[in-house]
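Colleague: quick one, what's the 3D model for this:
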Amino acid sequence: MLQRLKKPESHAVVCVAGNLEFRRGEPIYHAGAAGIAWRVMAGSVRLDRTEQEGVMFAGLAVKGDIIGAESLLFGNYSFDAKALSDCALEPWQTDAARPVRDTLLETLAAAERRAADVVSLRCGQAADRVTRLIQLLAKEGAQKSAPQVAIPGIRDMAEITDLTVETISRVISRLCKIGALSRLGQRRVLLRQFPLQALPA
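Modeller: So this is what the prediction gives:
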């Protein structure tokens, strides 16, 4: 199964005891390919669907989420998946002590909750959308007073929130100006307050 996710030699992937690590922007799997389900152990994953109009954003997975579970029912993946940030995955296996149906239902319920989160990222004022996205990506550091967050590229953030690149850049600059965020290089920010307060449009 792991060989089905083998990537071109130019893409570095680390495999430790069945776990996989991907760098930001690297493809994880493609729609139509056979494979297994994976649990996101760290980082975030973007899911896309290819339509006649082009590639369309379809979903987001963060630490603890399961991706590729549809392959257990249909035999292949329904979406393209790529690393939104550096991420680590482990093979997801159902609990042998519990009926597979119950485990899959729990996974479906979790997927529906995440889908609701994604819908909220595309509704409301621009500042609200961006802050909700950063909050969601900050899940790993939510217990810290000032967690570090690996943020996606500006274009990814724009497509996820259904905003323009210019709007994303402007909102992040305003968050930094009021002290809610501090930049740690190009790919990480430090949350000065958690949860973030939404800014006026």
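Colleague: for the chain, which spans come out with low pLDDT?
Modeller: 1-17, 94-104, 140-146, 193-201 (pLDDT under 70).
Colleague: just the helices in it please.
Modeller: 71-74, 100-120, 126-137, 154-161, 165-177 (DSSP state H).
Colleague: now those as JSON lines including distance to residue 61 and mean neighbour count?
Modeller: Glycine gets a C-beta too; all of them are placed from N, C-alpha and C. Listed next are those as JSON lines, based on distance: least, Cβ to Cβ, whole Å; neighbours: other Cβ atoms under 10 Å:
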{"stretch": "helix 71-74", "distance to residue 61": "14", "mean neighbour count": "14"}
{"stretch": "helix 100-120", "distance to residue 61": "7", "mean neighbour count": "14"}
{"stretch": "helix 126-137", "distance to residue 61": "10", "mean neighbour count": "22"}
{"stretch": "helix 154-161", "distance to residue 61": "12", "mean neighbour count": "19"}
{"stretch": "helix 165-177", "distance to residue 61": "20", "mean neighbour count": "16"}
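Colleague: can you list the ones you listed in TSV and add distance to residue 63?
Modeller: Below are those laid out as TSV (distance: least, Cβ to Cβ, whole Å):
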stretch	distance to residue 63
helix 71-74	21
helix 100-120	12
helix 126-137	9
helix 154-161	17
helix 165-177	22
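Colleague: closest one to residue 86 among these?
Modeller: Taking Cβ to Cβ, helix 126-137 is the member of the helices of the chain nearest to residue 86, at 12.3 Å.
Colleague: show me what that closest one is packed against.
Modeller: helix 100-120, strand 148-150, helix 154-161, helix 165-177 (3 or more Cβ pairs under 8 Å, 6 or more residues apart in numbering; DSSP states H and E).
Colleague: ok, 7 Å please
Modeller: Judged by 3 or more Cβ pairs under 7 Å, 6 or more residues apart in numbering; DSSP states H and E, the packing partners of helix 126-137 are strand 148-150, helix 154-161, helix 165-177.
Colleague: residue 148 is nearest to which of the helices of the chain?
Modeller: Proximity to residue 148 (Cβ to Cβ) singles out helix 126-137 among the helices of the chain, at 10.5 Å.
Colleague: what about that closest one, distance to the chain center?
Modeller: Helix 126-137 has its C-alpha centroid displaced from the chain centroid by 13 Å (Cα atoms, centre = their mean, to the nearest Å).
Colleague: nothing else from me, thank you.
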